[in-house]
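Participant: I'll drop the sequence and a predicted model, then ask my questions.
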Amino acid sequence: MRRTNVRRLWAAVAATSLAATAGAVLAMPEVSAAAGGATGYATQNGGTTGGAGGQTVRATTGTAIHTALCNRASSSTPITIEVEGTINHGNTSKVSGDSCNTADDKIELKQISNVTIIGVGGGAVFDQLGIHIRESSNIIIQNVTVKNVKKSGSPTSNGGDAIGMESDVRNVWVDHATLEASGGEDEGYDGLFDMKDNTQYVTLSYSILRNSGRGGLIGSSESDTSNGFVTFHHNLYQNIDSRTPLLRGGTVHTYDNHFVGLVKSGINSRVGAHVKVENNYFEDSKDVLGTFYTDELGYWQVSGNIYDNVTWTSEGEENHPAGPDPQSNTSVSIPYSYDLDDAGCVPDVVSQTAGAGKGLRVSDGNCTAQSPTPTPTDPTPTDPTPTEPSGTNLSLAAGADGSGKASGTSYGNVLDGDMSTYWSPSGSTGSISIKWGTATAVSQINIREAAGAAGAIGSWQVLNHDTGAVLASGSGAGVIAVPPTSLKKITFTITASSGTPRIAEFETYGG
């Protein structure tokens, strides 16, 4: 079999990555959240729409991602979080709030719903920091790279999983992601894409999984068979020892994927799992389909696959390969529609579409890559020159809070009528809110920057904190008109800045 030693290839990839980092900055085109819509099993059980219809915020740190979750009116208020830059342990900390349950050592999507996380701009890289989805539903993760997440050594995160789901998770779509490690379990890594403890209705599409001992699993043990209804399509599995994926029970559909350099085994159907395997391209690999390392058999339906330089071991007590001439031993009914590329073109179309930074390009079902139709998610920007407010500044009789505050600043400084005092967020972005004990009508706000800070505020959104609705969006400080709204709390969220924002006064007016 033509295949490179897995550790030798890991070393080569690491050297290439370091050289690229030292010599160039790779640009990534802007993309629209959830462009094209979910596919596969993620379309079932009511569908997967993520944060569609909610506010859109920008985050450049892990703390800002957690802050965006915690600033929602409730744990189910829709939100799209656009991520740019490198997210790591140094810029990720726990944030508290009624609408979130976060942690210091991972991106924690726990006990929440209706969230999209999408990489934009120059790219979103989660470096040694995993994404953990637990007791949550309707989650979209798009256009991100997650790399080198460890379960041992330092630093550790998410049990060593790049993306891990567990405990009553429903409807997750991970799309155009790059998930990679730099070795196997001996080097401190675990799975790239794991589903456990009653996780259902998941799709992984147009993604790259590479340089790992373990691709991923469905079910953490032979008794964890409550998971399933998972689709894998148009993904590249490259230089992986095994588990592409490992299936312990459940129903799975895998089509139009490119598997290359699988060292020990590939799709491992066990404990009564049923998997439909069609139009995939298996190359330079070993035992790409079967039941391995157990006598608890699983089942498969095969059609249209290409086996290019694939070797097969002999049948044994705990070794049950499907080859050398794979035949179906079950039938799997698929409840959704989908377009199949011919297996012969899969390596080419996957190379053009899979992974982060590909502009969310997809196949047209005829072996041709195409750009998706963008789905607008942002509200229309507010008129930047509304009339100067008049009347009473309602903030003077209100309270204030926010997402966090820099040392030496205070939330109350934005409503004390003193331009020499101010609030700054704990990072480059953050939120400040004005709140009343009873519903108060607001139609204009005035954001006044402290001396020496003019122009630091970049993009922003104004939210009705009671409902999570976006009332206005734009950039820069000054007077902002909002639709006349009766509310108890109004929030000004800074989603980008060119320096350290300093808000001296957050004035509110009724009309």
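Facilitator: Perfect, thanks for sending it.

Participant: which residues sit against the host helix or strand of residue 69?
Facilitator: According to DSSP states H and E, residue 69 maps onto helix 62-70. The contact list for helix 62-70 (CB atoms under 8 Å, 6 or more residues apart in numbering) reads 57, 59, 79, 81, 83, 87-88, 91-100, 102, 107-109, 112, 115, 117, 129, 403-404, 426-427, 429-431, 493. In short, each C-beta sits where N, CA and C put it, glycine included.

Participant: which of those are buried?
Facilitator: When the contacts of helix 62-70 are checked for burial by 16 or more other CB atoms under 10 Å, the buried set is 57, 59, 79, 81, 83, 87-88, 91-93, 95, 99-100, 102, 107-109, 112, 115, 117, 129, 403-404, 426-427, 429-431, 493.

Participant: now, those that are in helices?
Facilitator: Residues of the buried ones among the contacts of helix 62-70 located in helices (DSSP state H): none.

Participant: quick one: which of these sit in strands?
Facilitator: 57, 59, 79, 81, 83, 87, 107-109, 115, 117, 430-431, 493 (DSSP state E).

Participant: how about JSON lines for the residues you listed, with distance to residue 36 added?
Facilitator: Formatted as JSON lines, those follow (distance: CB to CB, whole Å):
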{"residue": "57", "distance to residue 36": "22"}
{"residue": "59", "distance to residue 36": "23"}
{"residue": "79", "distance to residue 36": "20"}
{"residue": "81", "distance to residue 36": "19"}
{"residue": "83", "distance to residue 36": "19"}
{"residue": "87", "distance to residue 36": "24"}
{"residue": "107", "distance to residue 36": "24"}
{"residue": "108", "distance to residue 36": "27"}
{"residue": "109", "distance to residue 36": "22"}
{"residue": "115", "distance to residue 36": "18"}
{"residue": "117", "distance to residue 36": "16"}
{"residue": "430", "distance to residue 36": "32"}
{"residue": "431", "distance to residue 36": "31"}
{"residue": "493", "distance to residue 36": "27"}
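
Participant: make CSV from those and add pLDDT to it.
Facilitator: Shown next, in CSV, are these (pLDDT from 0 to 100):
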residue, pLDDT
57, 90
59, 92
79, 94
81, 95
83, 95
87, 97
107, 98
108, 97
109, 98
115, 97
117, 97
430, 88
431, 91
493, 90
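
Participant: quick check, nearest of these to residue 295?
Facilitator: Closest approach to residue 295 among these (CB to CB): residue 109, at 36.7 Å.

Participant: quick check: the closest residue to residue 484 other than its chain neighbours vs residue 389, distance?
Facilitator: Nearest non-adjacent residue to residue 484, counting by CB to CB, 6 or more residues apart in numbering: residue 443, 4.3 Å away. The gap separating residue 443 from residue 389 is 9 Å, by CB to CB, to the nearest Å.

Participant: now for the two: what residues contact both?
Facilitator: In contact with both residue 443 and residue 389: residue 509, using CB under 8 Å, 6+ apart.

Participant: is the most centrally placed residue in the chain in a bridge, and if so with what?
Facilitator: The chain has residue 141 as the residue nearest its centroid, 2.6 Å off, counting by CA atoms, centre = their mean. Per DSSP bridges, residues listed as beta-bridge partners of residue 141: residue 117, residue 174.

Participant: likewise residue 492?
Facilitator: Note on residue 492: beta-bridge partners residue 432, residue 462, judged by DSSP bridges.

Participant: do you know how far it is from residue 227?
Facilitator: Distance of residue 492 to residue 227, computed by CB to CB: 42 Å.

Participant: which one's more surrounded, these two?
Facilitator: residue 227 (28 against 25; other CB atoms under 10 Å).

Participant: surely that one is in contact with residue 199?
Facilitator: Yes. At 4.8 Å, residue 227 and residue 199 qualify as touching, with contact defined as CB atoms under 8 Å.

Participant: picking that back up, for residue 364, state which of the ones in strands among the buried ones among the contacts of helix 62-70 is nearest.
Facilitator: residue 117 (26.5 Å).

Participant: wait, doesn't the closest one sit right on residue 81?
Facilitator: Yes. The criterion here is CB under 8 Å, and residue 117 meets it with residue 81 at 5.1 Å.

Participant: my guess is residue 395 meets residue 510, correct?
Facilitator: No. Using CB under 8 Å, residue 395 is not in contact with residue 510; the gap is 11.2 Å.

Participant: the two: who's more crowded?
Facilitator: residue 395 (24 against 15).

Participant: so the more buried one belongs to a strand, correct?
Facilitator: No. Looking at residue 395 with DSSP: H, G, I helix; E, B strand; the rest coil, it is helix, so not inside a strand.

Participant: can you pull the contacts of it?
Facilitator: Per CB under 8 Å, 6+ apart, neighbours of residue 395: 414-415, 434, 505-508.

Participant: just the buried ones from those residues, in PyMOL syntax?
Facilitator: Paste this into PyMOL to select the buried members of the contacts of residue 395, with burial taken from 16+ other CB under 10 Å:
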select buried, resi 414+415+434+505+506+507+508
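
Participant: for residue 195, state which of the contacts of residue 395 is nearest.
Facilitator: residue 434 (42.4 Å).

Participant: and the closest one, how far is that from residue 79?
Facilitator: From residue 434 to residue 79 the distance is 20 Å (CB to CB).

Participant: what's near enough to touch the residue nearest to residue 304 when sequence neighbours are not counted?
Facilitator: Computed as CB to CB, 6+ apart, the closest residue to residue 304 that is not its neighbour in sequence is residue 279, at 4.1 Å. Applying CB under 8 Å, 6+ apart, we find residue 279 in contact with 255-256, 303-305, 340-343, 346.
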